[in-house]
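In: Sequence and predicted model, in that order:
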Amino acid sequence: MAVQLTVVGSINLDLVAKVERLPRAGETLSGATLERIPGGKGANQAVAAARLGADVRMVGCVGADANAPDALAGLREAGVELALREVEAPTGIAIILVAADGENQIVVVPGANAEVGGFSAPGDVLCQLEIPDSALREARLQARWLCLNAAPARPLVVDADLVVANRYEAEVIGDQPLLAVTLGEEGAVLLEHGREVVRAAPPRVEAVDGTAAGDAFTSCLAVSLLEGRDREEALRRACAAGAIAASRFGAQPSLASADEVDAILRA
């Protein structure tokens with residue numbers, strides 16, 4: 001049977017400008033191109049989990065504005081069940097600059113995401129930090145198993161069964177019972193109470209856009225563990241999913257299927 005996963009998180013419309021390089025402080029660059037792409041860490045992770053074969057339910061908020069249908073398009077296309085509230089605040093927006101070498105800068109305008117709350121989230125749950133702490137507490141009270149992606153970084157107000165963080169986020173949140181730390185091109189490491197238990201390296205790819213690489217990693221690790229895979233295999237698959245996402249442009253368009261993860265691991 002497919003893994004059943006509820007994602008409680010943010011839903012954004014990404015305004016993505018492709019530039020030759022990232023601007024310095026105070027600098028204006030011209031010659032960029034602009035695309036509107038569904039995003040938000042919650043929605044990205046929900047789409048990623050669905051493409052990996054999970055049955056996914058998305059809990060979140062959008063506004064009653066023209067951006068909402070575009071922000072939800074990727075979730076609907078992936079077959080994610082929507083458990084949303086429409087609120088007066090505008091749909092969340094992310095302004096993203098992507099350079100030719102794949103590096104990016106992101107500014108998030110939370111909008112409706114700041115009002116996530118009052119939901120049902122039993123069973124296995126995945127959250128991120130683009131929603132209020134009160135929503136994290138709600139999820140923890142209801143979830144049988146909770147995976148928390150500690151991004152963007154801030155101290156955690158709940159204890160999660162699995163926490164995923166990059167190097168900087170790991171410094172902010174401190175020691176965790178089970179912590180997966182992403183290391184970019186070096187792969188990832190799984191720590192149990194600060195002790196390394198598993199390490200994995202990603203397949204080599206040409207970086208195009210790292211926007212959703214962390215979301216791809218987080219969802220693949222969560223889904224792989226819930227599928228009953230051992231920790232080493234789960235971490236290896238998560239690194240592969242993250243690498244695939246980094247090799248493609250855009251957030252949700254970059255997310256891999258289970259077959260694509262299998263294929264790159266066999267190559």
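Out: Yep, that arrived. Model, not experiment: these values are computed from the prediction.
In: host element of R57?
Out: Counting by DSSP states H and E, the element that carries R57 is strand 55-63.
In: For that strand, buried residues please.
Out: Buried residues in strand 55-63, defined by neighbour count with 16 or more other Cβ atoms under 10 Å: V56, R57, M58, V59, G60, C61, V62, G63. Every C-beta, even on glycine, is put in place using the N, C-alpha and C of the backbone.
In: Could you export these as CSV, including pLDDT?
Out: Formatted as CSV, the entries for those read as follows, by pLDDT from 0 to 100:
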residue, pLDDT
V56, 98
R57, 98
M58, 98
V59, 98
G60, 98
C61, 98
V62, 98
G63, 98
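In: will you turn those residues into a markdown table that also has distance to D262?
Out: Formatted as a markdown table, the entries for the buried residues of strand 55-63 read as follows, by distance: Cβ to Cβ, whole Å:
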| residue | distance to D262 |
| --- | --- |
| V56 | 20 |
| R57 | 25 |
| M58 | 25 |
| V59 | 29 |
| G60 | 30 |
| C61 | 35 |
| V62 | 34 |
| G63 | 38 |
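In: Is I95 bridged to anything, and to what?
Out: Beta-bridge partners recorded for I95 (DSSP bridges): L15, V107.
In: Touching, it and N12? I think so.
Out: No - with contact defined as Cβ atoms under 8 Å, I95 does not count as touching N12 (9.8 Å).
In: one step back: next helix or strand past the strand holding R57?
Out: Downstream of strand 55-63, the first helix or strand assigned by DSSP H and E is helix 67-77.
In: Strand 55-63 and that next one, what's the angle between them?
Out: If you take axes from the mean of the first three to the mean of the last three Cα atoms, to 10 degrees, helix 67-77 sits at 180 degrees to strand 55-63.
In: Pull the CA coordinates from helix 67-77 and hand them back as PDB.
Out: What follows is helix 67-77 as a C-alpha-only set of coordinates in PDB (Å, rounded to 0.1, in the frame of the first residue of the first chain):
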ATOM      1  CA  ASN A  67      -2.500  34.100  -7.500                       C
ATOM      2  CA  ALA A  68      -4.200  31.300  -5.700                       C
ATOM      3  CA  PRO A  69      -5.100  29.100  -8.800                       C
ATOM      4  CA  ASP A  70      -1.500  29.400 -10.100                       C
ATOM      5  CA  ALA A  71      -0.100  28.500  -6.700                       C
ATOM      6  CA  LEU A  72      -2.300  25.400  -6.500                       C
ATOM      7  CA  ALA A  73      -1.800  24.200 -10.000                       C
ATOM      8  CA  GLY A  74       1.200  21.900  -9.200                       C
ATOM      9  CA  LEU A  75      -0.600  20.300  -6.300                       C
ATOM     10  CA  ARG A  76      -3.700  19.500  -8.400                       C
ATOM     11  CA  GLU A  77      -1.600  18.200 -11.300                       C
END
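In: I appreciate the help and will end here.
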